[in-house]
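[1] could you work out the structure for the sequence below:
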Amino acid sequence: MLLAMLLAASAPAAEQSPWLEIHSTHFTVITDAGDKKGKEVAVRFEQMRAVFATLLMKDRLNEPVPLTILALKNDKIYYQSAPLHQGQPIDVPGFFLPGEDQNSIVLNLFEEESWRAVAHDFAHLLLNYNYPPVQGWFDEGLVEYFSSIRLDDKKYEIGGDPELNSAYKEDLLQNQQEVRPPKSLTELLSGQVWLTLPDLLTMKHETSGYTEGTHHTLFYAQSWMMLHYLEHEKKLPETGNYFDLVENKHVPVEEAIQQAYGVTAPQFDKAVKDYFHSLTPLFAALDAARQPGTQFSAPQVYQFPELVGANDKVITAKSLPELDARALIASVKTRIPERREAGIQELQALAALPNPAAEKAAKAQEKDKEQNRNDPDTLVIAAAGNEIAHRAVAWDHLQRGEFDAAAEELGDAASLNQRDMWIRYYLCLLKYRMAQAKKTDIQGLPNMMQDLRAVLEWYPEFADAYDLMATARREGGGTAGALQAERAAMQLSPRNQQYVYHLAEIYISDKKWEAARALLERLKSSSNPQVAAAARERIGQLATEQKYNVASGNANSSKNLSKQSSPFDVLEEDAAKRAAAAEAKQATGTADTRPAKFFQGRLVGVDCSQSPAAVLTVTSGGVVLKLRTPDYKSLLLIGADSFSCAWNDRSVSVNYKPGGLSDGDLVSVEVR
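    Numbering: from 1, shown residues only. Below you'll find the model as predicted:
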């Protein structure tokens with residue numbers, strides 16, 4: 001009996017997914033390490049974020065690209081997913097993976113404080129989103145200073161040497177072996193030679209990417225100490241003045257130092273050196289690192305009360321299906337070049353698995369079909385696979401310009417989960433990139449903007465969604481709305497020069513030639529080679545456009561030579577007609593006050609037997625709608641020149657006013 005009870009108790013536990021999806025105020029953590037460990041990871045990242053905001057003297061920070069943290073308890077799974085170096089997985093317990101759509105951090109929780117391995121990249125991420133583009137010494141100095149951070153539930157410590165490593169390591173037999181680590185920043189600064197201050201402040205250093213070389217150089221060491229000094233002496237406001245002088249007013253470096261800090265360059269240089277020599281904890285740490293010992297941990301210079309306690313934030317956790325977790329891990333692999341093929345194979349396998357929920361819905365539909373044999377439009381639909389896997393494969397196709405394959409995968413994903421905002425965002429991006437590739441106008445602008453509004457309600461700081469909204473509005477003829485959306489994107493991500501280029505295009509569309517030219521001249525020397533090349537080409541076209549007062553910024557520039565109706569014109573005309581009809585109905589007391597709804601699916605049949613009326617049968621995810629139009633000739637169409645009663649098996653998006661649970665009156669149809 002006892003054995004039977006144990007088996008009965010263990011059976012459900014064996015089926016339960018070990019994965020959790022944990023949400024804190026700013027982060028999503030996916031983990032198989034349990035509730036306590038997963039929440040600790042979320043708290044540590046909230047703490048790091050709060051400390052970084054303090055260093056920048058900001059009340060709030062932008063995060064315009066969603067970030068997901070994968071915290072893995074099994075180091076085998078971690079190393080099977082990690083980037084490779086010389087054919088072997090990297091030997092650090094965490095890595096950061098930037099993406100156009102979303103960023104990822106992957107941690108190996110088998111190692112203690114694995115989050116410290118990504119502190120440098122995490123700081124770059126926050127800096128790029130929350131500080132204007134400035135000279136490289138500031139970026140690398142602040143990031144190195146932050147990288148030394150240590151956290152617990154009561155305090156945080158900072159200011160130690162982030163590049164200091166022990167001169168001894170322990171082998172598998174616990175024997176001490178002497179190694180020769182690279183010179184730490186403290187050792188580099190202990191030498192007699194420093195870069196002159198003007199040389200340091202004018203040194204070119206690319207900071208737009210996340211791939212860097214060694215940090216064990218005099219440039220990094222002096223940059224670190226400069227920010228050490230500026231942070232301790234609370235001179236960040238003066239530093240902002242300095243950047244305004246050198247970047248915007250083009251004042252020489254030494255004169256800018258005098259004006260901003262109130263001292264000469266030699267005096268400033270001496271102050272930084274004196275400050276370095278006063279930091280005795282750095283030298284004590286260096287001495288300790290040279291002694292044999294297995295517990296070496298670089299002591300910090302400063303200690304402060306913790307800004308975010310373990311119980312100060314509301315953190316929620318919910319179970320995550322194991323297949324979803326596997327799909328998320330595989331999707332990370334697809335974004336690492338040397339892991340992509342294996343990741344795609346895993347995703348394709350997950351995308352082909354039977355879906356129990358879909359099978360259950362299919363059986364229910366089969367039963368309904370048996371009860372409604374006279375209804376030929378009752379369909380049985382069994383969507384297969386994992387929605388996240390379909391979505392991840394779609395993104396891979398989208399990145400490679402395989403648009404038809406991407407559309408098919410997104411259709412499968414949508415049939416499994418219509419509420420997933422990533423699908424709606426990817427569909428918008430798909431429309432934009434197809435228009436770019438074919439040099440045509442974007443198809444389905446109204447629905448694209450509706451989807452983007454939904455995405456921005458879901459993630460209000462999504463800068464790329466604002467950028468896409470600006471492009472859609474500009475193409476539709478609404479330059480005022482386009483300017484508003486583009487400026488929102490730029491405010492959220494001030495270093496993204498693609499947004500600045502798009503702002504110039506909006507100015508061109510609005511025939512604000514001088515404003516456009518000023519931006520393009522600035523972008524000619526952009527660190528982004530694509531942006532720089534596009535800016536130079538656009539400047540070459542600008543004189544002709546201004547001479548003839550014709551903006552040719554849209555993909556189909558020949559259409560701009562004659563006055564064309566934009567999709568906004570069509571919508572406004574349609575809205576005017578509907579408003580007139582509504583007023584007429586209101587006069588007779590029959591105003592239609594039903595709210596319009598949106599539905600995306602597959603058009604499986606059109607019944608025109610009562611022409612000009614028509615009934616469209618649209619289905620998705622087991623839902624079948626029959627939608628009527630009293631006159632298909634006056635129906636608002638997007639993506640098609642004219643209505644066809646022969647349409648069948650077409651992907652569509654519809655706006656309609658519901659009648660019952662499965663019928664309604666059409667407002668518009670977008671055909672893809």
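[2] ok, the residue nearest to P630 when sequence neighbours are not counted to V65 distance?
    What sits nearest to P630 in space, not counting adjacent residues and going by CB to CB, 6 or more residues apart in numbering, is A613, at 5.3 Å. Glycine gets a C-beta too; all of them are placed from N, C-alpha and C. For A613, the distance to V65 (CB to CB, to the nearest Å) stands at 47 Å.
[3] what about these two, which has more around it?
    V65 (22 against 13; other CB atoms under 10 Å).
[4] once you drop chain neighbours, what's closest to that one?
    The shortest distance from V65 to any non-neighbouring residue, by CB to CB, 6+ apart, is to N103 (5.3 Å).
[5] quick one: residues contacting the one you found.
    Residues counted as contacts of N103 (CB atoms under 8 Å, 6 or more residues apart in numbering) are V65, P66, L67, T68, F96, L97, L125.
[6] and the biggest strand by length in the chain, what's buried?
    Selection of the longest strand in the chain by residue count, based on DSSP state E, yields strand 597-607. Within strand 597-607, the residues that count as buried by 16 or more other CB atoms under 10 Å are F598, F599, Q600, G601, R602, L603, V604, G605, V606.
[7] neighbours around T25, how many?
    For T25, using other CB under 10 Å, the count is 12.
[8] does it touch E46 like I think?
    Yes. The criterion here is CB atoms under 8 Å, and T25 meets it with E46 at 6.3 Å.
[9] surely R340 is within a helix?
    Yes. Assessed with DSSP: H, G, I helix; E, B strand; the rest coil, R340 lies in a helix.
[10] how far away is the residue nearest to V65 from W513?
    On the measure of CB to CB, N103 and W513 end up 37 Å apart.
[11] quick revisit: R517: which of the contacts of N103 is nearest?
    V65 (30.3 Å; CB to CB).
[12] what about the stretch 301-450 of the chain, any weak spots by pLDDT?
    Within the stretch 301-450 of the chain, the segments meeting pLDDT under 70 span 309-313, 356-383.
[13] what of the chain?
    1-15, 170-174, 206-211, 293-298, 309-313, 356-383, 552-593, 621.
[14] how far does the longest strand of the chain sit from its chain's centre?
    In terms of CA atoms, centre = their mean, to the nearest Å, the centre of strand 597-607 is set 31 Å apart from its chain centre.
[15] stretch 608-615 too?
    Worked out by CA atoms, centre = their mean, stretch 608-615 lies 45 Å from the chain centre.
[16] my guess is H216 meets T186, correct?
    No. Counting by CB under 8 Å, H216 stays clear of T186, with 11.1 Å between them.
[17] these two: which is more packed in?
    Counted by other CB under 10 Å, H216 and T186 do not tie: T186 has more neighbours, with 22 against 16.
[18] so what's the more buried one up against?
    Here T186 is in contact with D161, L164, A221, L282, F283, A285, L286 (CB under 8 Å, 6+ apart).
[19] of the residues you listed, buried ones?
    For those, buried by 16+ other CB under 10 Å: D161, L164, A221, L282, A285, L286.
[20] residue contacts, the last one?
    Right, L286. Taking CB under 8 Å, 6+ apart, one finds D161, L164, S184, T186, E187 in contact with L286.
[21] let me have those in a markdown table, adding secondary structure and distance to Q135 as columns.
    Shown next, in a markdown table, are the contacts of L286 (DSSP: H, G, I helix; E, B strand; the rest coil; distance: CB to CB, whole Å):
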| residue | secondary structure | distance to Q135 |
| --- | --- | --- |
| D161 | coil | 23 |
| L164 | coil | 25 |
| S184 | coil | 24 |
| T186 | helix | 23 |
| E187 | helix | 25 |
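[22] nearest to F462 among the residues you listed?
    D161 (37.5 Å).
[23] that closest one reaches A285, doesn't it?
    Yes. Counting by CB under 8 Å, D161 sits close enough to A285 to count as a contact (6.2 Å).
[24] let's have the buried residues of strand 597-607 in TSV, adding distance to L245.
    Formatted as TSV, these follow (distance: CB to CB, whole Å):
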residue	distance to L245
F598	52
F599	57
Q600	53
G601	58
R602	61
L603	62
V604	66
G605	69
V606	67
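[25] hmm, back to that, list the contacts of the helix or strand following the longest strand of the chain.
    Later in the chain than strand 597-607, the nearest helix or strand by DSSP states H and E is strand 614-620. Residues from elsewhere that reach strand 614-620 (CB under 8 Å, 6+ apart): 377, 379, 381, 414-415, 418, 599-608, 624-629, 632, 635, 643, 645, 647, 652, 654, 666, 669.
[26] quick one: buried ones out of these?
    379, 381, 414-415, 418, 599-606, 624-629, 632, 635, 643, 647, 652, 654, 666, 669.
[27] which of those residues fall within helices?
    Within the buried ones among the contacts of strand 614-620, residues falling in helices by DSSP state H are A414, S415.
[28] for the stretch 401-550 of the chain, what spans make up the helices?
    Using DSSP state H, counting those that start in this stretch, the helices of the stretch 401-550 of the chain run over 403-416, 421-438, 445-458, 463-475, 479-492, 497-509, 513-523, 529-548.
[29] check contacts around the nearest residue to D152 once chain neighbours are set aside.
    Sequence neighbours aside, E306 is the residue nearest to D152 in space, at 7.3 Å (criterion: CB to CB, 6+ apart). Neighbouring residues of E306 by CB under 8 Å, 6+ apart: Q47, L151, D152, D153, K154, K155, Y156.
[30] buried ones from those residues, can you make that a PyMOL selection?
    Buried residues among the contacts of E306 (16+ other CB under 10 Å), as a PyMOL selection:
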select buried, resi 47+151+156
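[31] in helices, which of the contacts of E306 appear?
    When the contacts of E306 are checked against helices (DSSP H), the matches are Q47.
[32] and the contacts of E306, which is closest to M490?
    Of the contacts of E306, the one sitting nearest to M490 (CB to CB) turns out to be Q47, at 29.0 Å.
[33] thought V308 was touching the closest one, still the case?
    Yes. Q47 lies in contact with V308 (CB under 8 Å); the separation is 4.7 Å.
[34] what secondary structure does the closest residue to L189 other than its chain neighbours sit in?
    Sequence neighbours aside, A221 is the residue nearest to L189 in space, at 5.0 Å (criterion: CB to CB, 6+ apart). Three-state assignment for A221 (three-state DSSP): helix.
[35] what of C645?
    coil.
[36] show me what contacts it?
    V606, C608, S611, A614, Y632.
[37] ok, which pair from those is furthest apart?
    V606 and S611 (10.8 Å).
[38] hey, what's S653 bridged with?
    Judged by DSSP bridges, the bridge partners of S653 are Q600, E670.
[39] which residues does it contact?
    S653 is in contact with G444, N447, F598, F599, Q600, V669, E670, R672, counting by CB under 8 Å, 6+ apart.
[40] who touches L70 in this structure?
    L70 sits in contact with I30, T31, S104, I105, V106, L107, L328, I329, V332, where contact means CB under 8 Å, 6+ apart.
[41] and the gap between it and D396?
    L70 is 18 Å from D396, by CB to CB.
[42] and if you look at F462?
    Applying CB to CB to F462 and D396 gives a distance of 20 Å.
[43] in three-state terms, label G99 for me.
    Applying three-state DSSP: G99 is coil.
[44] what's the neighbour count on K438?
    12.
[45] same check, this time on A489
    Burial of A489 is recorded as 25 neighbouring residues (other CB under 10 Å).
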